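task: produce atomic coordinates for the following.
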Amino acid sequence: MSATLPFLFEIGVEEIPHWMIPVALENLRSQFSTLLEQNRLPAAELRMDATPRRLVLRTPALAVRQEDREELVMGPPKAAGEGAAHGFARKQGVDASALRVETTAKGEYFAVVKKTEGRQVRDILAEALPNLITRIPWPKTMYWTGKDGPRFIRPVRWIVALLGDQVVEFEFAGIHSRTLSCGHRRYGSDEIAFDYANYEDRLEKNGVILSVEARKKRILDGIRKLLRGKGLRLVEDAALLDDLAYLTEYPTPILGNFDPRFLELPREVLTTVMRHHQRYFSLVDADGKLAPHFIAVMNMKADRKGLVQKGNERVLEARFNDARFFWEVDQKRPLRDRIDDLKAVTFQAQLGSYREKTAGVASGAERLATRLGLDRGIAIRAAELSKTDLTTEMVKEFTDLQGVIGGLYAKAQGEPEEVWRAIYEHYQPASMEADIPVSKYGQVLSIADKLDTLEGCFSIGLVPTGSKDPLGLRRAAQGVVKVLAEGGLRIDFRQAVLDGCRETQRILSSRGAAEARRADGTLEFAAQLLEFFEDRIRYYFRDVRGFAYDEVTAALAGDWKDLVDLENRLHSLRRVRQTENFEPLAAAFKRIRNILKQANWTGGEVNAALLEAGAERDLFNEYQEVEREVRRARHNDDYLLALSTIAALRPAVDRFFDSVMVNVENPALRANRLALLGRMLNEVSSIADFSEIVPTTTTNTVSSQTTGSISGE
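The predicted structure follows:
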């Protein structure tokens, strides 16, 4: 193996938006790893770091030169003669004497061993790194050297590319790679000399903590020190901590205060202003009540005169005063008087206003409440008021509070708890990691709102394609799945979607909307939406809940109606799968499905009189008893018992396939045996399709006699 040297690559830029940095780092890692692989360059583990002003890739050991390579190149057959051999040699750039004859399964061929001399890695990197910088994907890019110049998220100000102590020389956007880095804007030098071993130390002496984890630790350690002995506790916020770590190069937390009179405002308003608008941490007292204090993080080493603290306090006071003003002004018009104001707020150009959307949500909430035995009046009332806060001054200024403010205003205006809480919760869950609404009416309103959006968008052809989903339809569908499953709501999912799609099409048709599509009198978009939902259901149970992919596929093939039922099947399938009979029986049912498919079997009843004594009649008799037990178990939703009972059929199935030829010449016997297999398969598949289970062993439980000339493979 060739010698190695440490390699360090730093792209110095103007401040990068914090939320873009992690994705950019991962892409940089991926691109560089591909570069190493394509050029056969061994390297030690890559280390990735970033601050707002730099992206850094390092490895302590990178080969300095490619290994020489030998490659055997096959040419024409020996039988082609000397002329072909000389032509092959000329093409390969070698003398004919360098050729040799290789014996293969197809005969003797001319061949040559070509030797490729390895290149210097500095030359490879010099060619590749400019393109690598350009290919880092950003949501938006800018140019600064002219319209035809390179584009990047922010102007590039310096580039470091060192292999050992030697510069990898190249140019990007007028910037030449160099050996010098750049420090903190306020505390650091514009030219920092370093070597690989002392790189981080030299940066830190110039006001830059390179490791994001070290910056997070500095923030948390500083907060603990500030709060010591004050009876205050930090409201933990991992996402905010990540943001602040990528917004700063030398983070230092400070403790600020605000007027306790602002605590008269709802906690949600205060924490939203602090967290989303100022990026401050909230603090609570020993009783868990919001305290009139906050933690800000500055990109400085210290605030000895308290000027930064005072500045943050002034800004926060102004924001709180705005919030208090909006609260008081908004209360002058109750939500019930704002319903018609939604006519002036567009939901989607083709689907109409939020007033029209509200009508659709109310209709869906009523249907769902009826299915669940809830009060339809409460569901409708919550739906009618659910979007009215979009017309309030508070939400216009603090858009993150939509829904929450509606709930708080409804509470302040005397709406029943079921109503205001449903409004408060109906935008939940915001992500797959977030909590679902706690209240049943909140769950109903959340589902109705998201379904209405999906049904409307699909009805006019707004369907997510590839990675594009500007309306967040995947997130909406995932939210519906999560609420239904985790809320334990026994709702016939397919029927609920179909009913909603019919209502959506009826409404659009009544408006004369050309977008309401029809196909032979059926709802074409409903089938499309159900397929879209099935993908979300697969993702939820496989990637979020951790069920095996083949278990999810098998259970989805059954006759489930609601997601509680589907999850019950999955838990039962997982447990029964661990028994010794299950996977061999699953393999047998896969063979049965193939037999029936290749025989073009379309159905038929079993004629008991045609069953032969022995394994065939034994299987039929045993299956009849199993069928009765399974149906009783299914009636009680006891899928564990049902699947365990089916798995106990394995010995009888094995004996049948060992002793009985399905594809006999007698057409009546053949049809009867296919009917027996079909009856078994249909009953089992109504719970889960065993044939979708991928065996974890290679046990062969079905003999080659199984099908005769009808292959079971």
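
so who does Q309 touch?
254-256, 296, 303 (Cβ atoms under 8 Å, 6 or more residues apart in numbering). Where you see a C-beta, it was placed from the backbone N, CA and C, and this is true even at glycine.

residue boundaries of the strands in the stretch 251-400 of the chain?
252-257, 281-284, 290-298, 346-348, 352-353 (DSSP state E, counting those that start in this stretch).

tell me the buried residues in the third one?
Think strand 290-298. By neighbour count on 16 or more other Cβ atoms under 10 Å, the buried set for strand 290-298 is 290-291, 293-298.

helices of the stretch 151-300 of the chain, start to end?
199-205, 212-227, 238-247, 267-272 (DSSP state H, counting those that start in this stretch).

and A526, that one's in a helix?
Yes. With DSSP: H, G, I helix; E, B strand; the rest coil as the criterion, A526 is part of a helix.

including mean pLDDT, could the strands of the stretch 251-400 of the chain go into TSV?
Formatted as TSV, these follow (pLDDT from 0 to 100):
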stretch	mean pLDDT
strand 252-257	97
strand 281-284	97
strand 290-298	97
strand 346-348	93
strand 352-353	92
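
what's the closest of these to D322?
strand 290-298 (16.4 Å; Cβ to Cβ).

report the angle between that closest one and helix 212-227.
140 degrees (axes from the mean of the first three to the mean of the last three Cα atoms, to 10 degrees).

run through who's touching strand 290-298.
219, 223, 226, 232, 234, 244, 247-248, 251-260, 262-263, 267, 270-271, 274, 278-285, 308-309, 312, 316.

ok, 6 Å please
219, 223, 232, 244, 251-254, 256-258, 260, 267, 274, 280-281, 283-285, 308, 312 (Cβ atoms under 6 Å, 6 or more residues apart in numbering).

buried ones only from the residues you listed, please, as a PyMOL command.
Buried subset of the contacts of strand 290-298, written as a PyMOL selection, criterion 16+ other Cβ under 10 Å:
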select buried, resi 219+223+232+244+251+252+253+254+256+258+274+280+281+283+308+312
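
can you pull out the strands in the stretch 51-200 of the chain?
54-63, 69-77, 100-104, 107-116, 156-163, 166-167, 171-172, 175-176.

ok, and what's touching the second one?
Contacts of strand 69-77 with the rest of the structure, by Cβ under 6 Å, 6+ apart, involve 84, 88, 107, 109-116.

quick check: the farthest pair among these?
Greatest spatial distance among these (Cβ to Cβ): G107 and T116, at 27.6 Å.

let me know the closest of the buried residues of strand 290-298 to I21.
Distances from I21 to the buried residues of strand 290-298, taken by Cβ to Cβ, are shortest for V297, at 16.2 Å.

now the spatially closest residue to the closest one that is not a sequence neighbour: how far from F320?
Nearest residue to V297, sequence neighbours excluded (Cβ to Cβ, 6 or more residues apart in numbering): L244, at 4.6 Å. Going from L244 to F320 by Cβ to Cβ, to the nearest Å gives 21 Å.

what of E551?
In terms of Cβ to Cβ, E551 sits 52 Å off from F320.

please apply the same query to D535.
44 Å.

so between these two, which is more surrounded?
F320 (20 against 12; other Cβ atoms under 10 Å).

how near is that one to N636?
57 Å.

next one: L498
For L498, the distance to N636 - Cβ to Cβ - is 28 Å.

same thing with E384?
Counting by Cβ to Cβ, the gap from E384 to N636 is 40 Å.

same deal with E313?
With distances taken as Cβ to Cβ, E313 is found 63 Å from N636.

so for the two, which residue has more residues nearby?
Taking other Cβ under 10 Å, E313 and N636 do not tie; E313 has more neighbours (18 against 9).

thought that one was touching D259?
No. The criterion here is Cβ atoms under 6 Å, and E313 misses it with D259 at 9.4 Å.

please enumerate the helices of the stretch 601-713 of the chain.
In the stretch 601-713 of the chain, the helices defined using DSSP H, counting those that start in this stretch lie at 615-635, 639-647, 650-659, 667-685.

so of those helices, which one's packed in deepest?
helix 639-647 (a mean of 22; mean count of other Cβ atoms under 10 Å).

got the contact list for that one?
Taking Cβ under 6 Å, 6+ apart as the rule, helix 639-647 contacts 568-569, 572, 576, 579, 581-582, 585, 626, 629-630, 633-634, 684, 687.

which among the helices of the stretch 151-300 of the chain is found nearest to D618?
When the helices of the stretch 151-300 of the chain are compared by Cβ to Cβ, helix 238-247 sits nearest D618, at 61.1 Å.

and the closest one with helix 212-227, angle?
Using the same axes, to 10 degrees: helix 238-247 against helix 212-227 is 110 degrees.

just the C-alphas of helix 238-247, formatted as CSV.
The C-alpha coordinates for helix 238-247 follow below in CSV (Å, rounded to 0.1, in the frame of the first residue of the first chain):
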residue,chain,number,x,y,z
ALA,A,238,-33.1,19.9,21.1
ALA,A,239,-34.1,21.5,17.8
LEU,A,240,-33.4,25.0,19.1
LEU,A,241,-30.1,23.9,20.5
ASP,A,242,-29.2,22.5,17.0
ASP,A,243,-30.2,25.8,15.4
LEU,A,244,-28.1,27.9,17.8
ALA,A,245,-25.1,25.7,17.4
TYR,A,246,-25.1,26.2,13.7
LEU,A,247,-25.8,29.9,14.0
